[in-house]
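J.: Structure, please.
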Amino acid sequence: MDPLLCQVAEVRAEANYVLWLRFENGVEGRVHLGPLVGKGKFRAWLDEDAFQEVSIDPHGNMLSWESGIELDADVLYYDLINKAKLAVH
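T.: The predicted structure follows:
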C-alpha cells in the first residue's frame, strides 16, 4: 500500500461522535466513533467537547486529541473505502 494514500488532509468533528475526513487522494466521508465512547482511554470523550478538539499530526498519519488518544489514519481510510464498497454492492 502506498502510505501517501492514507494521509489525512482535513478532519472535522461533527455531532454524535462523527468525524468527517478528507484524504490527500480525494477519498472523503464520515466515520462514526460513538461505539468507542466510554471504553478505556475513550472515556475522555464522555465530554463531547473533548472529542471536538481533534487534530492531524504533522505527517497526516494520525489523528490525535489532547487527552492522548490517537487513531491511525490507515484504519479510518480502510473503514471509509470498505463502506463505499458495501454501498455499491
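J.: Could you spell out the sheet neighbours of the strand or helix carrying residue 10, each with its direction?
T.: Assigned by DSSP states H and E, residue 10 belongs to strand 8-14. Next to strand 8-14 in the sheet, as set by DSSP bridges, lie strand 18-23 (antiparallel).
J.: Next, the buried residues of the strand it pairs with.
T.: The neighbour-count check on strand 18-23 (16 or more other C-beta atoms under 10 Å) flags 19, 21, 23 as buried. Every C-beta, even on glycine, is put in place using the N, C-alpha and C of the backbone.
J.: Which element is encountered next along the chain beyond it?
T.: strand 28-32.
J.: worst-scoring helix or strand of the chain, pLDDT-wise?
T.: Least confident helix or strand of the chain, by mean pLDDT, DSSP states H and E, is helix 73-88 with a mean of 80.
J.: Could you list the low-confidence segments of this structure?
T.: 1-5, 84-89 (pLDDT under 70).
J.: Which residue is the nearest non-sequential neighbour of residue 28?
T.: residue 22 (4.0 Å; C-beta to C-beta, 6 or more residues apart in numbering).
J.: and the one you found, what are its bridge partners?
T.: Here residue 22 sits in beta bridges with residue 10, residue 28, going by DSSP bridges.
J.: coming back round to it: for the buried residues of strand 18-23, which one is nearest residue 46?
T.: residue 19 (17.0 Å; C-beta to C-beta).
J.: thinking the closest one is in contact with residue 65, fair?
T.: No - the criterion here is C-beta atoms under 8 Å, and residue 19 misses it with residue 65 at 11.0 Å.
J.: hmm, back to that, please find the angle between the direction vectors of the strand holding residue 10 and strand 28-32.
T.: Strand 8-14 and strand 28-32 are oriented at 40 degrees to each other (axes from the mean of the first three to the mean of the last three C-alpha atoms, to 10 degrees).
J.: and the nearest residue to residue 37 once chain neighbours are set aside, what is it in contact with?
T.: Nearest non-adjacent residue to residue 37, counting by C-beta to C-beta, 6+ apart: residue 45, 4.7 Å away. By C-beta atoms under 8 Å, 6 or more residues apart in numbering, the contact set of residue 45 is 17, 33, 36-38, 51, 65, 67, 69.
J.: Alright, calling it a day.
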